[in-house]
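> Generate coordinates for the sequence data below:
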Amino acid sequence: MTFTLQRALWLWAGALILALLTIIPLTVWVRAVAGLATLCGVVLACVLASRHAAHQRGSVRLVDAMSLPATSFRQPVILICGDGLDGLFGTVPADQIVLRVTKQGCYVRVPSLEQLAAVTDGILALRPGWGGQLGVMLIVNPGAHSDGGVLAGQVRAFSHQVAVARKRGIELPLLLVSYLQTSQGEPPWFSWGNGQTDALVCDAGACVSLAEWQQQTTDSSMQAARMHTSIQLNSVVAWLNDAVLPHLVIRNALGLATVCAVKLIPALPHAVKENLWQQWLHNKVALADNRKFVTDAVLPFPDPLLNLLPLGPLRSAVKRASLTALWLFAVAGVVAVASSAWQNTLLVRQISDDLRRYAAIAQPAQRDQREFLRREEAVTVLRQDAQRLDAYYRHGEPLAFGFGLYRGERLRAPLQAVLANHVEPAAALPTRIAGPVRLDSLSLFAIGSAQLKPDSTRVLINALVDIKAQPGWLIVIAGHTDATGDAENNLRLSHARATAVHDWMQHMGGIPDSCFAVQGFGASQPIASNDTETGRATNRRVDIRLVPEAGACALPTAGPQRQPPVASRDI
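Down below sits the predicted model:
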């Protein structure tokens, strides 16, 4: 996949994450931090992908002015490593890569076994659409090795490199080739696949069985030569099964090798004395092969065998990137739908709990002054729930509740019915004083804070004097805010401010805690319009009401050793 497509995928993934952050209900700070982390992650991923692509392209260093075929090249591309590479490609620098292009395919010389995975990645970086055309060819010549242990180690190292390359999702079919020096001419290629016992003879673009090949000639001398070749072939196959294939174990592979092939040639480059083939013949038939070896032989490419490789179909890089983008979208969609389902479950659970709480408080046996206050708080919460559901009904539910999973509409009618049927019994309605003591929040607190200002003492002392002048009444302290900002934060802020006033009055006035009831209503009970700054300033307040409740509050009397904390209104 090209760097441009990788960058597009990373940008697409970042866009999906940002979309999820707008859908999933999170706090502003969490959204900001997660969004910033996503942007940094996408930028870092693009930078690393660019460096990785440049490194992969630099790993393919072709000799001289050679270049890979065009992107439209559709023949097999075979990576060749193992023995006798000079016989195929000629003498080239050890650290450089050379290729040969024939009518049947393209052959790429891999300098060493350890570079197989790197060369594979480099070719795919230069030609992303070649993933289905790549194959690998391992040459194992018995005449080029004298130590079976060294050969087994090289085969295992090759197996590891193929496994590493296949982890990238490349099929990379394998062609195992063995060149054997013989006194005969150059017979055709002999090959067999996994699980096959009979060899095929491939020549002139056609493949026939070994028996049919032997019967194709009536010349007795030719038949004898072919019979001798068949015997040599059986010996090579036996040697491969004994010395090579047991070590060719590739993880995550369907078989040991896709295609095995043998080519009998008159001369073998890099042949050594006392090689494994000579040792094999001596151990099996007690014969010695004393033929002279030629070191400058030219080896033929396995063109007739390329059509036997199960190469994969053409895979477009754009198509693979589109499939990846589609999978990312599907995962993001599943996360969004799961979040919506969970938020709808929480919404239904919250409103249902509020309705059950109100129903439990509104029992006739519980209609006293304290239960009235609890019921009033429950009704206030239900009104807030009704306002929330009405806003969703009029303006549409947020994305956090969307995707066809919104379940709040079925609760709106029952909630409105409960509020419409709510009637305060006459016996339960308390007798109140002429009006509440109304304190401006900005005179007590800083903006967004529930900490009392140092200069708020005068205002609180004046309110405390009025309250202490009415002993035996329940002191109800209610905090209110304007409609600016988040509703939940406003609700918490209003309750915190009412609690701060309660704590100050209880501490300074020596009033028992049983005399107080603290409430926070947020912006649910405005006394002016929130559309103007003056109205919003009026709505930001703390109301103190006195509710008559016999025996609910008994203030301590002042004696010689205890003086009231407030002597007068003027300070």
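> Near Val208, how many other residues are there?
Neighbouring residues of Val208 were enumerated by other Cβ atoms under 10 Å; the total is 15. Heads up, the C-betas are built off the backbone N, CA and C, glycines and all.
> actually Asn283, not the one I typed
Asn283 has 8 nearby residues by other Cβ under 10 Å.
> what's the spacing between it and Ala483?
Distance, Asn283 to Ala483, using Cβ to Cβ, to the nearest Å: 96 Å.
> From Phe89, how far out is Pro142?
21 Å.
> Let me see the ranges of the helices in the stretch 201-350 of the chain.
Using DSSP state H, counting those that start in this stretch, the helices found in the stretch 201-350 of the chain span residues 210-215, 220-243, 276-285, 317-361.
> Report the distance from the helix or strand bottoming out on mean pLDDT in the chain to the chain centre.
The weakest-scoring helix or strand in the chain, judged by mean pLDDT, DSSP states H and E, is helix 457-468 (a mean of 72). Distance of helix 457-468 from its chain centroid, counting by Cα atoms, centre = their mean, to the nearest Å, is 60 Å.
> Could you identify the helix or strand that succeeds it?
Next along the chain after helix 457-468, taking DSSP states H and E as the criterion, comes strand 473-480.
> and the angle from that next one to helix 457-468?
Here strand 473-480 points in a direction 140 degrees away from that of helix 457-468 (axes from the mean of the first three to the mean of the last three Cα atoms, to 10 degrees).
> Go through the helices of the stretch 201-350 of the chain and find the least confident stretch.
Note on these: lowest mean pLDDT is at helix 276-285, with a mean of 78.
> Just the CA coordinates for the helix or strand containing Tyr179, please, in PDB.
Per DSSP H and E, Tyr179 falls inside strand 174-181. The C-alpha trace of strand 174-181 is given here as PDB (Å, rounded to 0.1, in the frame of the first residue of the first chain):
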ATOM      1  CA  LEU A 174       7.200 -21.400  -2.800                       C
ATOM      2  CA  LEU A 175       9.200 -23.100  -5.600                       C
ATOM      3  CA  LEU A 176      12.000 -25.400  -4.500                       C
ATOM      4  CA  VAL A 177      14.500 -26.000  -7.300                       C
ATOM      5  CA  SER A 178      17.500 -28.300  -7.400                       C
ATOM      6  CA  TYR A 179      20.100 -28.300 -10.200                       C
ATOM      7  CA  LEU A 180      22.000 -31.600 -10.600                       C
ATOM      8  CA  GLN A 181      25.100 -32.100 -12.800                       C
END
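> Distance from it to the middle of the chain?
Taking mean C-alpha positions (Cα atoms, centre = their mean), strand 174-181 and its chain are 44 Å apart.
> model confidence over that strand, on average?
Strand 174-181 comes out at a mean pLDDT of 88.
> Please identify the pairing partners of that strand and their relative orientation?
With DSSP bridges as the test, strand 174-181 is paired with strand 134-139 (parallel), strand 259-265 (parallel).
> how near is the residue nearest to Leu411 when sequence neighbours are not counted to Ile461?
Using Cβ to Cβ, 6 or more residues apart in numbering and skipping the chain neighbours, the partner closest in space to Leu411 is Ile351 (5.1 Å). For Ile351, the distance to Ile461 equals 42 Å [Cβ to Cβ].
> Likewise for Gln216?
120 Å.
> what's the answer for Val501, then?
12 Å.
> More neighbours: the two, which one.
A side-by-side neighbour count of Val501 and Ile461, using other Cβ under 10 Å, places Val501 first with 27 against 20.
> How about the secondary structure of that one?
Secondary structure assignment for Val501 (DSSP: H, G, I helix; E, B strand; the rest coil): helix.
> Quick check: it touching Leu444?
Yes: assessed by Cβ atoms under 8 Å, Val501 is found in contact with Leu444 at 7.2 Å.
> For Gly193, find the nearest of the strands paired with strand 174-181.
Gly193 sits nearest to strand 259-265 of all the strands paired with strand 174-181, at 5.5 Å, using Cβ to Cβ.
> Now do the contacts for the closest residue to Ala496 other than its chain neighbours.
Excluding its sequence neighbours, the residue lying closest to Ala496 (Cβ to Cβ, 6+ apart) is Ala450, at 3.6 Å. For Ala450, the contact set (Cβ atoms under 8 Å, 6 or more residues apart in numbering) comprises Leu493, Ala496, Arg497, Thr499, Ala500.
> Show the buried residues in those.
Taking 16 or more other Cβ atoms under 10 Å as the criterion, what is buried in the contacts of Ala450 is Leu493, Ala496, Arg497, Thr499, Ala500.
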